[in-house]
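below is the sequence, then the predicted model.
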Amino acid sequence: MEPEQSFYDYLKNISETQSPIDFVLIYDNLDRFVDGALVTLQLTFLALLVGGIIAVPLAIARAYRKPFLSPAIRVYTYVFCGTPLLVQVYLFYFGLGQFTAVQESFLWDPILSSPWWCVMIAFTLNTAAYTTEFLRGAIETTPHGEVEAAKACGMSPYARMRLVVLPSAFRRALPAYSNEVIFTLHGSVIASTVTLQDLLGVGRWLNGRYYLAYEGFLTAMVFYMAIVFMITFAFRLAEKRFLGHLRPRETPQPGAARVAA
Amino acid sequence: MDVIFEYKQILIEGTLVTISLAVLSLLLSIALGLMGAFAKLSPKRGVRRAGELYTLFVRSVPDLVLMMLIFYGGQTLMSQIGALTGLWGYIDINQFIAGVLTLGFIFGAYMSETFRGAILAVPSGQIEAAKAVGMTPSQVFRIVTWPQMVRFALPSFTNNWLVLVKSTALVSVIGLHDLVWNAFTAGRSTHMLFSFMIAVMVIYLIITGLSDVILRAVDRKYAAGVRKA
């Protein structure tokens, strides 16, 4: 007997006799969950990428208090950080159709009437708003000596920004950014409310189709947990690499590492 | 604009549902957060591990997934437990209860981090002194730890509350008639979803603005006698 067949039989046996959860059904639909995971990852990381690119110039404008620009960006970040992502997605996906001008424009057919694009726009603007604010904080806390030293070396403002301020700000923003990545992943479940088949969408589909209570959501949950663990692990590596100089020294004495409170 | 005012009654009703959901979840999350914080600071290794696992779990599962699991799965689970033990016949887990349980559970984990940091920020000499004068553990917490930890916890607490308020929007997905659900229904029937969603955003911004004012007042009260840098 092939090994896969016996594993399948094992699942079947467990599902029918002992467990309230139907593992066979999950196993049969595993490829759909993988597809869903790909949609989730695509939405999350594309939004993070584009949002991150938008956020850098906005954060610089905020940190250096450019007149007119900085208050305008603050209004944008205040609105997008202060309102639920769900409402922002609804605003783009359901809301834009209210205007005939939008419906008749050339953007309507390929972009603004598609749930994928609307979710993408909302996610990108949302993560760009959050990223702008904490990146601004990181830029503002650049040690003044570093900037002074760069000036003393005769660097132009552009070179100073590119070689001194931004690299150091990105490093300081790294821990906050790992939170932002995880929250964007958490937020991506909202895609399933506008018919997209992301991980949660597949879970809802499975539960709806077979009239189940747990299986779809539990499987989606396990997938999300796996993704979060991978992201956390990647950031731990990145922090070791880029923030190594800020790590507290390891204590040499055994037993001194953990003090019970 | 006029249409939104015509529908102001259901928007106000929805806002009240949203606020009561948020406040009840907050109370649950404070209780769970304090328990979690003390678990994380416990001298017992197993208890500490359990507290850390709680945060780790919440961090790795999106809120809506948990909410749907509790709403759809919890109902079935409660019925199955009831049938198995014969203790109860039918327990209705409605959207409101599912929302409070989920949000309370999720933000309890974030609150536990907040409180843990705040408790650690209270100088341990004071707690030792309180024990030395013969205070019971509950007296130590009530008279010494709590009044000082509130001040340390407040900035992060405020942040958690604002995120919590925004997360309440998700209960509209499982069908609770909150602000988002009501506005969505009204917008659908009038074909003015854009205007209604903007109205919802404004209401959320008002709620967060008001909470900012209130929490700043709380901060002033608990920071009385602290010299500003």
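Right, received. Where do you want to start? Keep in mind the model is a prediction, meaning the values are calculated, not measured.

for the longest helix belonging to chain B, which helices and strands make contact with it?
Longest helix of chain B, by residue count under DSSP state H: helix B:8-40. Judged by 3 or more C-beta pairs under 8 Å, 6 or more residues apart in numbering or on different chains; DSSP states H and E, the packing partners of helix B:8-40 are helix B:45-60, helix B:95-121, helix B:146-167, helix B:179-190, helix B:193-222. Any C-beta I mention is one placed from the backbone N, CA and C, and that applies to glycine too.

low-confidence stretches in chain B?
Where chain B drops to pLDDT under 70, the residues are B:1, B:227-229.

circling back to that earlier point, can I get the helices and strands packed on helix B:8-40 in a markdown table including distance to residue B:71 and mean neighbour count?
Shown next, in a markdown table, are the helices and strands packed on helix B:8-40 (distance: least, C-beta to C-beta, whole Å; neighbours: other C-beta atoms under 10 Å in any protein chain shown):
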| stretch | distance to residue B:71 | mean neighbour count |
| --- | --- | --- |
| helix B:45-60 | 17 | 16 |
| helix B:95-121 | 4 | 22 |
| helix B:146-167 | 15 | 19 |
| helix B:179-190 | 14 | 21 |
| helix B:193-222 | 22 | 17 |
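
tell me which residues in the longest helix seen in chain A are buried?
Counting residues, the longest helix in chain A under DSSP H turns out to be helix A:30-63. Neighbour-count burial for helix A:30-63 flags A:32-33, A:36-37, A:39-41, A:43-44, A:47-48, A:50-52, A:54-56, A:58-63 (criterion: 16 or more other C-beta atoms under 10 Å in any protein chain shown).

quick one on the thing from earlier: show me which residues of the longest helix of chain B are buried.
B:10-11, B:14-15, B:17-19, B:21-22, B:24-26, B:28-30, B:32-40.

to residue A:208, which of the helices and strands packed on helix B:8-40 lies closest?
Residue A:208 lies closest, by C-beta to C-beta, to one member of those: helix B:95-121, at 17.3 Å.

figure out how far that closest one is from the centre of its chain.
Chain-centre distance of helix B:95-121: 6 Å, with C-alpha atoms, centre = their mean, to the nearest Å.

one more: stretch B:115-126?
22 Å.

do it and chain A meet at all?
Yes. For stretch B:115-126 and chain A, the contact criterion (C-beta under 8 Å from any C-beta of the partner chain) is met by B:119, B:120.

for the stretch 101-250 of chain A, list the residues in contact with chain B, please.
Residues of the stretch 101-250 of chain A lying near chain B by C-beta under 8 Å from any C-beta: A:182, A:185-190, A:192-193, A:200, A:203-204, A:207, A:213-214, A:217-218, A:220-221, A:224-225, A:228-229.

from those, which land in strands?
In strands, defined here by DSSP state E, there are no members of these.

list only those of those flagged as buried.
Buried among those by 16+ other C-beta under 10 Å: A:182, A:185-190, A:192-193, A:200, A:203-204, A:207, A:213-214, A:217-218, A:220-221, A:224-225, A:228.

please list the members of these that lie in helices.
Using DSSP H, these in helices are A:182, A:185-187, A:200, A:203-204, A:207, A:217-218, A:220-221, A:224-225, A:228.

can you give me the pLDDT of residue A:212?
At residue A:212, the model reports a pLDDT of 81.
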